[in-house]
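Peer 1: Just a sequence and a predicted model for now, questions to come.
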Amino acid sequence: MADPVAFCLNCQAELAIDTSLYEKDSEESSSSAAPLQLQAGRVICGGEGSLPGQSGNLFDIICNSTSALWGPMCEDCTEQLLSGMDQQLKGLEEECASYRKLLDSLSKDRATRVFDLNTSNAKLVAMKAEEASLIAELKRLEMEENTLNDELSRKRSELCNAEREREEKLWKKLRDNHRRLLDVECQEQDAEAQLIYLKTQLEKLSSINVLNAAFHIWQQGSFCTINGFRLGTLPHSPVEWNEINAAWGQTALLLTVLIKGEEDFHLRDYEIFPMGNYSFIRVLATGAELPLYGSGGFKPFGQKKFDEAICAFLNCFCQWQTHIESRSEFRFPHRMYRERIEDNKMEYSVKMQFNSEERWTKAMKCMLINLRWAISFAVTLRGFMPR
């Protein structure tokens, strides 16, 4: 049988062990300590709490064992083990000394408890004396409070009486002032009523003027009228040419009056002749007369001469517009240029040619609205006086 191999319990280094130790092991097998055991040609440590073949940290093996351990260990590990156990012992001794010091301190504190109890009793007596003093002070303050409350009640009663008398005097004075105020308000209302009446009469008198009385421009559904004559026609509401021509006659007369109201303004290129249902415009350069009236139905291609007369009329109106806008901040609601009128950024032609009845009627409506504004400008801003 080969010699068994032994290892250090700590570092697991291979050791050479005298064979006499094995013989001694068999002789002492009945002892309570766990001997070295031979298993599969290897020497291991035996004892309660250890497992055959277990190796690891030596401190863990010692702590986990419940009996003495017998096993090989090298010299270096033995020295390290002894050094470590000395350090652990020293630490335990220091910890024991700390506990002993704490125990002595607690014993001394227990001896001084009699002194602390006496001090506490003395403090308790002092606090009771202070409590009695404070109770006496409280009673004195309560009596003083009652006295002050009585005094306060008396003062309040006197103040209430004084306030009541003063309030009665103020109420009497208020009633007198209110009566006088009502008298003044009645007089003021009478004066206001007279003033309103006079203003109404003045407004009525001021609103009466030649232009408003002679040229009444109003809106009637989709049409705009001048002195009750509709200027325009619609498929679902046709208008006779006699009424349209009469409206053009009134329109020509109105523009003529407005132009004559401006002393420093004269028409260029054209002259308007208001002749009722047969008004016309004369071209100064050629002497041609453009009829401002129509006849027959609403033709798809319009009436050329009538369209030329309408464009000439709008040109005259634009000349007057440029004149007054250059001398004031007045602006018309609908922009006019060439043969077009603008409303809400939509352009409408005043020509009947290539135009629908609805759009032509809309253009006439915008033109009459501008003429209505022209009347307001002439009457209100310029103080128009007919010549």
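Peer 2: Thanks, I have it. Residues are numbered from 1 along each chain as shown.
Peer 1: can you give me the strands for the stretch 101-250 of the chain?
Peer 2: Using DSSP state E, counting those that start in this stretch, the strands of the stretch 101-250 of the chain run over residues 217-220, 223-226, 229-230.
Peer 1: which residues of the stretch 1-150 of the chain fall in helices?
Peer 2: 20-27, 58-64, 75-111, 113-207 (DSSP state H, counting those that start in this stretch).
Peer 1: would you turn the strands of the stretch 101-250 of the chain into CSV with distance to residue 7, mean pLDDT and mean neighbour count?
Peer 2: C-betas here are computed from N, CA, C, even on glycine. Output for the strands of the stretch 101-250 of the chain, formatted as CSV (distance: least, C-beta to C-beta, whole Å; pLDDT from 0 to 100; neighbours: other C-beta atoms under 10 Å):
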stretch, distance to residue 7, mean pLDDT, mean neighbour count
strand 217-220, 124, 90, 14
strand 223-226, 126, 93, 22
strand 229-230, 131, 94, 21
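Peer 1: so which of those gets nearest residue 350?
Peer 2: strand 223-226 (13.3 Å; C-beta to C-beta).
Peer 1: Sheet-wise, list the partners of the closest one with their directions.
Peer 2: strand 217-220 (antiparallel), strand 229-230 (antiparallel) (DSSP bridges).
Peer 1: can you put the strands of the stretch 101-250 of the chain in CSV and add distance to residue 250?
Peer 2: Putting the strands of the stretch 101-250 of the chain into CSV (distance: least, C-beta to C-beta, whole Å) gives the following:
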stretch, distance to residue 250
strand 217-220, 9
strand 223-226, 5
strand 229-230, 6
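Peer 1: Which of the ones you listed sits closest to residue 96?
Peer 2: Across these, closest to residue 96 is strand 217-220 (C-beta to C-beta), at 118.3 Å.
Peer 1: so how far is the closest one from its chain's centroid?
Peer 2: 47 Å (C-alpha atoms, centre = their mean, to the nearest Å).
Peer 1: residues making contact with it?
Peer 2: In this structure, residues lying in contact with strand 217-220 by C-beta atoms under 8 Å, 6 or more residues apart in numbering are 224-226, 230, 365, 368-369, 371-372, 375.
Peer 1: Return the closest of the residues you listed with respect to residue 319.
Peer 2: residue 371 (14.2 Å).
Peer 1: Is it correct that residue 328 falls within a strand?
Peer 2: No - assigned with DSSP: H, G, I helix; E, B strand; the rest coil, residue 328 falls outside any strand and is coil.
Peer 1: Report the separation between it and residue 377.
Peer 2: 8 Å (C-beta to C-beta, to the nearest Å).
Peer 1: Next: residue 126.
Peer 2: Taken as C-beta to C-beta, the span from residue 126 to residue 377 is 104 Å.
Peer 1: So between those two, which is more surrounded?
Peer 2: residue 377 (19 against 10; other C-beta atoms under 10 Å).
Peer 1: how about CSV for the strands paired with strand 223-226, with distance to residue 149 added?
Peer 2: Output for the strands paired with strand 223-226, formatted as CSV (distance: least, C-beta to C-beta, whole Å):
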stretch, distance to residue 149
strand 217-220, 83
strand 229-230, 93
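Peer 1: Among the ones you listed, which comes closest to residue 277?
Peer 2: Per C-beta to C-beta, nearest to residue 277 of the strands paired with strand 223-226: strand 229-230, 10.0 Å.
Peer 1: which one of the strands paired with strand 223-226 lies closest to residue 98?
Peer 2: Residue 98 lies closest, by C-beta to C-beta, to one member of the strands paired with strand 223-226: strand 217-220, at 112.7 Å.
Peer 1: Between the strands paired with strand 223-226, which one is closest to residue 273.
Peer 2: Per C-beta to C-beta, nearest to residue 273 of the strands paired with strand 223-226: strand 229-230, 18.4 Å.
Peer 1: Now find how far off-centre that closest one is within its chain.
Peer 2: Computed by C-alpha atoms, centre = their mean, the chain-centroid distance of strand 229-230 equals 55 Å.
Peer 1: what does stretch 89-109 give?
Peer 2: In terms of C-alpha atoms, centre = their mean, the centre of stretch 89-109 is set 72 Å apart from its chain centre.
Peer 1: taking the mean pLDDT, what do you get for it?
Peer 2: Mean pLDDT, stretch 89-109: 88.
Peer 1: And for stretch 328-344?
Peer 2: For stretch 328-344, the mean per-residue pLDDT is 90.
Peer 1: And stretch 122-131, by the same measure?
Peer 2: 91.
Peer 1: Same question for stretch 151-162.
Peer 2: Mean predicted confidence for stretch 151-162 is 92.
Peer 1: picking up where we left off before, select, out of the strands paired with strand 223-226, the one closest to residue 92.
Peer 2: Closest approach to residue 92 among those (C-beta to C-beta): strand 217-220, 117.4 Å.
Peer 1: Pull that closest one out as CSV, backbone CA atoms only.
Peer 2: Provided in CSV are the C-alpha atoms of strand 217-220 (Å, rounded to 0.1, in the frame of the first residue of the first chain):
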residue,chain,number,x,y,z
ILE,A,217,-81.8,107.5,-51.9
TRP,A,218,-82.9,104.3,-50.1
GLN,A,219,-82.6,100.5,-50.4
GLN,A,220,-85.5,98.3,-51.4
